[in-house]
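Engineer: Next come a sequence and a model predicted from it.
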Amino acid sequence: MVYDVIIIGAGPAGLAAAIYSSRARLTTLLIEKNSCGGQMIITDLLENYPGFNGGINGFDLAVKLESQAKDFGAQIVYDEVTNIEDGKIKKVVTINNSYHAKTIIIASGTHVKKMNIPGESAFIGRGVSFCATCDAPFYKDKDVAVIGGGDSAIQEAIYLSKFAKNVTIIHRRNSLRATKILQERLSFYNNISVVYNSIPKEIIGTSSIEKIKIINIETNETQEIKIDGLFVFIGLLPNTDFLTNIALDDKGYIVTDENMHTSATGIFACGDIRKKYLRQVITAASDGAQAAVSAGHYLETL
Ligand code: NAP
């Protein structure tokens, strides 16, 4: 079968694209490596997505989007895309199969960045975590540290503070990157503290984490902080390993125009994978809608 549209990635961008393309009666296949929702499913509360006063849990929103896409007729397969081959009919190769389509929408999103310091790999799953929503309950009345100063670090530190005894945020600069409302909220939690101008150097422990060694970049002093768990939120990296012959920027994000066209004819990109200024669920969903409409216009020219 040749689909009208194959969408790679079922985060908010891919799911929105699937809703729009299947509602436009385009045969639509969505290919997802893990589970629908992308990074959103590890977010406890989305409080800036319009229409949900008081916020909505990221997993719950993902379930709603998935069921909306399926109700309009989108098919979903769970597999990992390893390659795409361009042509009038395009081929999407996965680990277990290959699929054909007239257009492709890439919505493969991002993955979490690692610190690459001694102890990090060894303690993943034994104290080092990249998901507070998944692992916070393991740290009830314990001491944890959070690395990073962006929205994820601050939002997840606040979530962790409901479980842990103490949460220490370690940030490499003297001011946080996170949006102001999150920064203001930090002052309401007396079990959260921030250590500025410091970068992590080593995670120390035996069977589990015992301490993190950090260095103050202004004074060069090292300090060891006793912790039971470490949560790392130092940003995201684009999932573009399977791509060739599509223009990327210097950080590896796909370059598109405002209508989501990539450098390859009939191939579109949307969401966090795209070079853009604001990476949010709402901008991902907006991109997805635009990509599907652009794909529809392209199909009319064939
Ligand atoms: P981010 O905004 O890129 O922030 C990464 C943080 O980690 C920065 O504070 C950065 O420091 C620090 N960092 C980077 N590399 C580091 C290293 N090697 N060692 C130590 N610290 C390091 O990433 P994010 O917080 O994961 O957010 C990703 C995107 O999702 C953003 O666009 C964000 O706005 C969005 N997001 C939005 C919400 C929301 O709206 N509620 C929630 C979560 C995420 P510097 O500040 O010095 O660069």
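Structural biologist: Nice, I can see it.
Engineer: Can you pull the domain assignment for this protein?
Structural biologist: Domain segmentation of the chain under automatic domain parsing yields 2-112+236-300, 120-232.
Engineer: Need the mean per-residue confidence for the shortest one.
Structural biologist: Looking back up the chat, that one is domain 120-232. Mean pLDDT, domain 120-232: 96.
Engineer: cool, and the longest one?
Structural biologist: For domain 2-112+236-300, the per-residue pLDDT values average out at 96.
Engineer: Just the terminal-to-terminal distance for it.
Structural biologist: 16 Å (C-alpha to C-alpha, to the nearest Å).
Engineer: Same check on stretch 130-143?
Structural biologist: End to end - C-alpha to C-alpha - stretch 130-143 spans 16 Å.
Engineer: got the contact list for stretch 44-55?
Structural biologist: 40, 56-58, 61, 132-133, 155-156, 159, 280-282 (C-beta atoms under 8 Å, 6 or more residues apart in numbering). C-beta: built from backbone N, CA, C; applies to glycine.
Engineer: Using PDB, list the CA coordinates for that stretch.
Structural biologist: Output in PDB follows, covering the C-alpha atoms of stretch 44-55 (Å, rounded to 0.1, in the frame of the first residue of the first chain):
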ATOM      1  CA  ASP A  44       3.500  15.800  35.400                       C
ATOM      2  CA  LEU A  45       1.600  19.000  34.700                       C
ATOM      3  CA  LEU A  46       1.200  21.100  31.600                       C
ATOM      4  CA  GLU A  47      -0.200  24.300  32.900                       C
ATOM      5  CA  ASN A  48       0.300  26.500  29.900                       C
ATOM      6  CA  TYR A  49      -1.500  24.400  27.300                       C
ATOM      7  CA  PRO A  50      -4.700  26.400  26.500                       C
ATOM      8  CA  GLY A  51      -8.000  25.100  27.500                       C
ATOM      9  CA  PHE A  52      -7.000  23.300  30.700                       C
ATOM     10  CA  ASN A  53      -7.200  25.800  33.600                       C
ATOM     11  CA  GLY A  54      -5.200  24.300  36.400                       C
ATOM     12  CA  GLY A  55      -3.200  22.200  34.000                       C
END
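Engineer: Give the buried residues for that stretch.
Structural biologist: Asp44, Leu45, Leu46, Tyr49 (16 or more other C-beta atoms under 10 Å).
Engineer: how about the strands in the stretch 1-150 of the chain?
Structural biologist: For the stretch 1-150 of the chain, strands defined by DSSP state E, counting those that start in this stretch occupy the ranges 2-8, 28-32, 75-78, 81-85, 90-94, 98-106, 110-112, 128-129, 143-147.
Engineer: Ok, which of those comes nearest Ala295?
Structural biologist: Proximity to Ala295 (C-beta to C-beta) singles out strand 98-106 among these, at 4.3 Å.
Engineer: of all of the protein, which residue lies closest to the ligand?
Structural biologist: Closest residue of the chain to the ligand, C-beta to the nearest ligand atom: Gly150 (2.4 Å).
Engineer: Nearest residue to that residue in space, please, no chain neighbours.
Structural biologist: In this structure, Gly150 finds its nearest non-sequential neighbour in Arg177, 4.6 Å apart by C-beta to C-beta, 6 or more residues apart in numbering.
Engineer: isn't the one you found right next to Gln183, touching?
Structural biologist: No: using C-beta atoms under 8 Å, Arg177 and Gln183 do not qualify as a contacting pair, with a distance of 9.4 Å.
Engineer: re the thing from before, could you export the strands of the stretch 1-150 of the chain as TSV, including distance to Lys226 and mean neighbour count?
Structural biologist: Putting the strands of the stretch 1-150 of the chain into TSV (distance: least, C-beta to C-beta, whole Å; neighbours: other C-beta atoms under 10 Å) gives the following:
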stretch	distance to Lys226	mean neighbour count
strand 2-8	44	25
strand 28-32	40	25
strand 75-78	41	15
strand 81-85	43	17
strand 90-94	45	19
strand 98-106	44	23
strand 110-112	25	16
strand 128-129	15	23
strand 143-147	6	25
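Engineer: Could you provide these in TSV, with additional columns for distance to the ligand?
Structural biologist: Below are the strands of the stretch 1-150 of the chain laid out as TSV (distance: least, C-beta to the nearest ligand atom, whole Å):
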stretch	distance to the ligand
strand 2-8	20
strand 28-32	20
strand 75-78	24
strand 81-85	23
strand 90-94	27
strand 98-106	18
strand 110-112	8
strand 128-129	14
strand 143-147	6
